[in-house]
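>>> Okay, predicted coordinates and the sequence, questions at the end:
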Amino acid sequence: MSPRDIENVILFQLDKTNKIAKQHSQVEMDRHGMGITVEQWVLLKIIEESDQLSQKDLAIQSLRDPASITRTLDILSKKKLIRREALPENRRQYHILLTQEGKNFVKKHMRLVHQLRAQSIAGFSTQELEQLSSYLKRMQENMS
């Protein structure tokens, strides 16, 4: 492998794979009329899977900057998918929670998300997926 051949650089391959996955997922989400972006979906899932999540925690878990999180949460709030609950001891902080409509939205669209996930790993054995996961976690640790 030539060091000048960017197509063979692992980090480039990871970035390219991520972009292709997001583009494909967005096309499918749009085709199914979900009305949200992939990034908005990721935040909804993190919120759904968490208890007592602050906006700061959400930014950390999603690896997004706080300003971007604020804008995205504003959109999700306007869509009535999330609500912000002020903390009694700190009015500048909020817990981010799914509304009932948000819970129903996530539940309704999980089948499509599972299909997209399955499509992305089609042809991989369980052992290959475990190895890939292990390698990716190791790379993350190397750079943390």
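That came through, no problem.

>>> okay, CA-based contacts and neighbour counts for the rest of this
Noted.

>>> For the lowest-mean-pLDDT helix or strand in the chain, buried residues please.
Ranked by mean pLDDT, DSSP states H and E, the weakest helix or strand in the chain is strand 90-98, scoring a mean of 86. Buried residues in strand 90-98, counted by 16 or more other Cα atoms under 10 Å: 94-98.

>>> Dump the C-alpha coordinates for the helix or strand following that strand into PDB.
With elements assigned by DSSP states H and E, the helix or strand that comes after strand 90-98 is helix 100-120. In PDB, the C-alpha atoms belonging to helix 100-120 read as follows (Å, rounded to 0.1, in the frame of the first residue of the first chain):
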ATOM      1  CA  GLN A 100     -45.200  10.600  24.100                       C
ATOM      2  CA  GLU A 101     -45.300  11.600  20.400                       C
ATOM      3  CA  GLY A 102     -41.500  11.200  20.400                       C
ATOM      4  CA  LYS A 103     -41.700   7.700  22.000                       C
ATOM      5  CA  ASN A 104     -44.300   6.700  19.400                       C
ATOM      6  CA  PHE A 105     -42.200   8.100  16.600                       C
ATOM      7  CA  VAL A 106     -39.100   6.100  17.600                       C
ATOM      8  CA  LYS A 107     -41.100   2.900  18.100                       C
ATOM      9  CA  LYS A 108     -42.900   3.400  14.700                       C
ATOM     10  CA  HIS A 109     -39.600   3.800  12.800                       C
ATOM     11  CA  MET A 110     -37.400   1.200  14.500                       C
ATOM     12  CA  ARG A 111     -38.200  -1.400  11.900                       C
ATOM     13  CA  LEU A 112     -36.800   0.800   9.100                       C
ATOM     14  CA  VAL A 113     -33.700   1.500  11.200                       C
ATOM     15  CA  HIS A 114     -33.100  -2.200  11.900                       C
ATOM     16  CA  GLN A 115     -33.400  -2.900   8.200                       C
ATOM     17  CA  LEU A 116     -30.800  -0.200   7.400                       C
ATOM     18  CA  ARG A 117     -28.500  -1.600  10.100                       C
ATOM     19  CA  ALA A 118     -29.000  -5.100   8.700                       C
ATOM     20  CA  GLN A 119     -28.300  -4.000   5.200                       C
ATOM     21  CA  SER A 120     -25.000  -2.300   6.300                       C
END
